[in-house]
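**Q** pasting the structure only:
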């Protein structure tokens, strides 16, 4: 019950800060953070991931059957990457999952940069493997003034 209440409270608190980026606005922000070319991935890879993970919504939260959550624009999972209410998770990004809901994306980008250093790279995200990997992604940044 406490877990459900805390999750609900976290969703309510974060929803006031939500930002749904436009495609080009997100591309510019991610470029400013240095993601274009980071670990060999194009800006279009990151924009494609964000679209299929969250619809560009910084406040997106998805609850998994195992009790973990996926948080933020990249839907970063609490099983390994961030700290939720379970004290027995690795918290590889050394941050709270709620930090990943901030519309300024700083913590999200820091964590995503750690995740892509994993041997699977962006392949860590199932949605990227299914919707973005090996595809022509140029449309994701076409027309954006970068």
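**A** Arrived safely. Quantities reported herein were computed from a predicted structural model and do not represent experimental measurements.
**Q** in the chain, which spans are helices?
**A** Assigned by DSSP state H, the helices in the chain fall at 2-15, 23-32, 43-54, 106-115, 126-131.
**Q** Just put these in TSV and tack on distance to residue 66, mean neighbour count and mean pLDDT.
**A** C-beta: built from backbone N, CA, C; applies to glycine. Listed next are the helices of the chain as TSV, based on distance: least, Cβ to Cβ, whole Å; neighbours: other Cβ atoms under 10 Å; pLDDT from 0 to 100:
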stretch	distance to residue 66	mean neighbour count	mean pLDDT
helix 2-15	13	12	44
helix 23-32	29	18	98
helix 43-54	18	23	98
helix 106-115	18	20	98
helix 126-131	15	15	98
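**Q** Please name the residues that touch residue 138.
**A** Neighbouring residues of residue 138 by Cβ atoms under 8 Å, 6 or more residues apart in numbering: residue 44.
**Q** Same check on the one 5 residues further on?
**A** Applying Cβ under 8 Å, 6+ apart, one finds that residue 143 lies in contact with residue 24.
**Q** which stretch among the helices of the chain comes nearest residue 87?
**A** Across the helices of the chain, residue 87 has its closest neighbour in helix 2-15 (12.6 Å, Cβ to Cβ).
**Q** which one is residue 145 nearest to, not counting chain neighbours?
**A** What sits nearest to residue 145 in space, not counting adjacent residues and going by Cβ to Cβ, 6 or more residues apart in numbering, is residue 24, at 7.3 Å.
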